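# Model the structure of this input:
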Amino acid sequence: MDKLKRQNLEKAGFRVGSTADFLELSPEEEAYLEIRLEVSELIRYQRKKRGWTQVQLARALGSSQSRVAKMEVGDPSTSLDLMLKGLLRLGVTKQELGELLTGKFRFALQPA
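From the prediction side, this is the model:
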């Protein structure tokens, strides 16, 4: 947000801050949510890169298409354990997972 827009909003009585500020998240909660989001984005990216459908990934995991769809949007009802299994099944290495967590692993999201 540019500085002038921020100043105008603050003059109008709005409080400007981050999503974490608005939701009053602790640094740990914010980091956890960022990790879930990055993992979910990588699942979708890797699945599309392989040319797999959600159904194909679900079969490979012994799960359902709806669960894969939830994994790809970071739905909180989907365990991080299943999401990591999905990444490994899609060929992501342990090293790449480590790089993802440290912010060193980069990938370009494809359009949905």
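# which helix is the longest one in the protein?
Identified as the longest helix of the chain according to DSSP state H is helix 27-50.
# Only C-alpha atoms, please: export the helix or strand just after that one in CSV.
Following helix 27-50 in sequence order, the next helix or strand is helix 54-61 (DSSP states H and E). Taking C-alpha atoms only, helix 54-61 is exported to CSV below (Å, rounded to 0.1, in the frame of the first residue of the first chain):
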residue,chain,number,x,y,z
GLN,A,54,-6.7,-34.4,-8.0
VAL,A,55,-8.3,-37.8,-8.4
GLN,A,56,-4.9,-39.3,-9.4
LEU,A,57,-3.1,-37.8,-6.5
ALA,A,58,-5.9,-38.9,-4.2
ARG,A,59,-5.6,-42.5,-5.4
ALA,A,60,-1.8,-42.4,-4.9
LEU,A,61,-2.4,-41.3,-1.3
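# so what does helix 54-61 touch, helix or strand wise?
helix 27-50, helix 65-72, helix 80-89 (3 or more C-beta pairs under 8 Å, 6 or more residues apart in numbering; DSSP states H and E). All C-beta spots, glycine's among them, are computed from the backbone N, C-alpha and C.
# That helix to helix 65-72, inter-axis angle?
90 degrees (axes from the mean of the first three to the mean of the last three C-alpha atoms, to 10 degrees).
# quick one, phi/psi of the residue nearest to residue 36 when sequence neighbours are not counted?
Closest residue in space to residue 36, ignoring its immediate chain neighbours: residue 74 at 4.6 Å, by C-beta to C-beta, 6 or more residues apart in numbering. With angles defined as degrees, to the nearest 10, residue 74 sits at phi 70, psi 30.
# before we move on, what about residue 64?
phi -120, psi 160.
# which residue sits closest to it in space, ignoring its chain neighbours?
Nearest to residue 64 is residue 58, by C-beta to C-beta, 6+ apart, at 5.3 Å.
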